[in-house]
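>>> Task: produce atomic coordinates for the following.
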Amino acid sequence: MIKKILIKDHTKFFKGSSQRIIELQKKDGSITWFNEGVFDAWNHLESVMALNVLGFKKEKNLGFEYLINSQLDDGSWYGQLGSTVEFDEDTGSFVGKESDAGSFTRDTNFSAYIATASWHDYLINKSKEDLLKLWPAIYNAISFVIENQSVNGEIRWAAEDENAPNDDALVTGCCSIYKSLICAINCAKVLEINVDEWKESFKKLGDAIKNKPELFDRTWDSKQRFSMDWYYPILCGVVSKKEAKEKLFSKWEKFVVDGIGCKCVKDQPWVTIAETAELAITLKKIGESKLAEEMLSYTNQWKDESGAYWMGRQYEQKVFWPKERPPWTSAAVILAYDTIYGLSDGSSLFLNDFL
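Below you'll find the model as predicted:
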C-alpha cells in the first residue's frame, strides 16, 4: 500500500516532513537543527538532499549557495556540536540557542559531505554546469580532509584547535568520508579532472577502517556501543558482499528492536528514527529488500500530527526523546524511501559506489 501511495504522489506523503525542513531553513539558506538552533554542514546537506529528491529546487539551490558562501579558506566549515547545547531533561527538549553553543569545530566528515550531496544533485539533475559551479567547494573541502589524514590512513575527526584538541579518529566519521571520497572522485570523472591523489587517500582510508582498528577511539571511550559504528562500514561501501551480511546480522539483536526500530546505543532502550532509516538503506544495499522495507515501515509510527519525524523514542517509558523534530531526521527517512522505492534518479546514491 505504501509503495502505491509513494508512486502516485510521494510529495504529498512527505508534505509534513518536507515542510519541517523548509521552515527551519533561514533566509541565508542554512538549515539548523531546530528554531534558531545549531548548525553543521553534514546535517544541513542531508536536508538539502531530501529537498532535492522532492523537487524543491529553490530551497535546494539556496542550501548549496549558503555553503559556497560560508566555506572557510582552508576548505572546511565551522560546525556546532549538538552535545554542547543546553538540554532540558524534564521536557526532553533543547533550550539553548545557536549563540549558546560554545563549541565550533572544523569537522572533517561534515566538510567532506559536500561531495556526496553534489554527486547526488548530479544524479538527479544531470547538470554538468551545476556540478562545475560546486566543484571549487568540493575540491577545497576534500583537500582539507586529506590534509588531516595520517600516514596510517585514518582521518582526524576535526582540524586541531582549542575545541578539538584530541588527535583521534572516528569509525563512523571515516566511513562517511570514505563514501564522500567516492562521490568526489565520481564528480571529478564527470568533469574530466585528474584526482589521483584522492584515489590514493581513498585506498589508505579503506585499509585503515578494515584492517587497523587500533587507529580509532584512541583518546576517548570506544564508540562500538553506537549502532552507527556497526552499520556505517556497510552503508558507506567499506565492507561489502558476504562479509557485509555477516557483520550486520552478527549484532542484529544488540541493536534492533522488532517493530520499533534501531537503537542509537545498544545498552539503552532508545531507538532513533534517522538510524532506523539508515539501517533500512544498508539492508537494501546488501540485497535484503524485504527486510529493508520492513525496517523503514517502523518509522511511520514516529511522526507528529503534521507528518514530521521525531528524533527518537524511549520505548520503555513510551515517550519521544529528545522531543525534537530535527530536519535531518525527516531527511534521512526521505532518502531511505527514495533508496528503497526509487522516487528519484538519485535513489542509487548509497547503492552504487562507482560510475
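
>>> ok now do Ile209, which residues does it touch?
Contacts for Ile209 (Cβ atoms under 8 Å, 6 or more residues apart in numbering) come out as 153-154, 171, 174-175, 178, 233, 238. C-beta here means a position set from N, CA and C on the backbone, and glycine is covered the same way.

>>> could I get those residues as a markdown table with secondary structure?
A markdown table is the format used below for these (DSSP: H, G, I helix; E, B strand; the rest coil):
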| residue | secondary structure |
| --- | --- |
| Gly153 | coil |
| Glu154 | coil |
| Val171 | helix |
| Cys174 | helix |
| Cys175 | helix |
| Tyr178 | helix |
| Pro233 | helix |
| Val238 | coil |
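
>>> Name the nearest of those relative to Val95.
Distances from Val95 to the contacts of Ile209, taken as Cβ to Cβ, are shortest for Val171 (31.2 Å).

>>> residue closest to the middle of the chain?
The central residue of the chain, meaning the one whose C-alpha is nearest the mean C-alpha position (Cα atoms, centre = their mean), is Glu46 at 5.7 Å.

>>> That one: what secondary structure?
Glu46 carries the three-state label helix when classified by three-state DSSP.

>>> Next, the contact list for Ala336, please.
With contacts defined as Cβ under 8 Å, 6+ apart, the neighbours of Ala336 are 277-278, 280-281, 296, 299.

>>> circling back to that earlier point, the residue nearest to the centre of the chain touches Ala331, doesn't it?
Yes. Here Glu46 lies in contact with Ala331, judged by Cβ atoms under 8 Å, at a distance of 4.5 Å.

>>> could you point out where the stretch 251-355 of the chain is predicted with low confidence?
Applying pLDDT under 70 to the stretch 251-355 of the chain picks out residues 355.

>>> what ranges do the helices span in the stretch 51-200 of the chain?
Counting by DSSP state H, counting those that start in this stretch, the stretch 51-200 of the chain has these helices, from start to end: 57-70, 108-125, 128-147, 171-190, 196-211.

>>> same thing with the stretch 251-355 of the chain?
252-255, 273-285, 289-297, 327-341.

>>> Quick one: end-to-end length of stretch 304-322, please.
Start to finish, the residues bounding stretch 304-322 are 13 Å apart (Cα to Cα, to the nearest Å).

>>> ugh, typo on my part, it should be stretch 23-36
Stretch 23-36 end-to-end distance (Cα to Cα) = 11 Å.

>>> okay, the closest residue to Ser118 other than its chain neighbours: pLDDT?
Closest residue to Ser118 in three dimensions, ignoring its sequence neighbours and counting by Cβ to Cβ, 6 or more residues apart in numbering: Leu134, at 4.5 Å. Here, the pLDDT recorded for Leu134 equals 99.

>>> I figured Leu134 hits His120, correct?
No. Using Cβ under 8 Å, Leu134 and His120 do not qualify as a contacting pair, with a distance of 11.0 Å.

>>> Look at these two and report which has more neighbours.
When Leu134 is set against His120 and neighbours are counted by other Cβ atoms under 10 Å, the residue ahead is His120, at 25 against 21.

>>> pretty sure the more buried one contacts Ser347?
No. With contact defined as Cβ under 8 Å, His120 and Ser347 do not form a contacting pair (9.9 Å).

>>> Put the alpha carbons of stretch 253-266 into CSV.
Backbone C-alpha positions of stretch 253-266 (Å, rounded to 0.1, in the frame of the first residue of the first chain) are rendered in CSV as follows:
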residue,chain,number,x,y,z
GLU,A,253,19.8,-8.5,18.2
LYS,A,254,22.0,-6.0,20.1
PHE,A,255,20.8,-3.0,18.1
VAL,A,256,17.4,-3.8,16.5
VAL,A,257,14.1,-3.9,18.4
ASP,A,258,11.4,-5.7,16.4
GLY,A,259,8.5,-3.4,15.4
ILE,A,260,10.2,-0.3,16.9
GLY,A,261,13.5,0.4,15.1
CYS,A,262,17.2,0.7,15.5
LYS,A,263,18.8,1.7,18.8
CYS,A,264,21.2,4.6,18.9
VAL,A,265,23.3,2.7,21.5
LYS,A,266,23.0,-0.9,22.3
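
>>> hang on, Thr219 in a strand?
No. The assignment for Thr219 is coil, going by three-state DSSP, so no strand is present there.

>>> wait, what's in contact with it?
The neighbourhood of Thr219, defined by Cβ under 8 Å, 6+ apart, consists of 166-168.

>>> please redo it, this time with the cut-off set to 6 Å
By Cβ atoms under 6 Å, 6 or more residues apart in numbering, the contact list for Thr219 reads 166, 168.

>>> Kindly report the same for Ser93.
Lys323.

>>> can you rerun that using 7 Å?
Shown here is Ser93, whose contacts under the criterion Cβ atoms under 7 Å, 6 or more residues apart in numbering are 322-324.

>>> Good, we can wrap up now.
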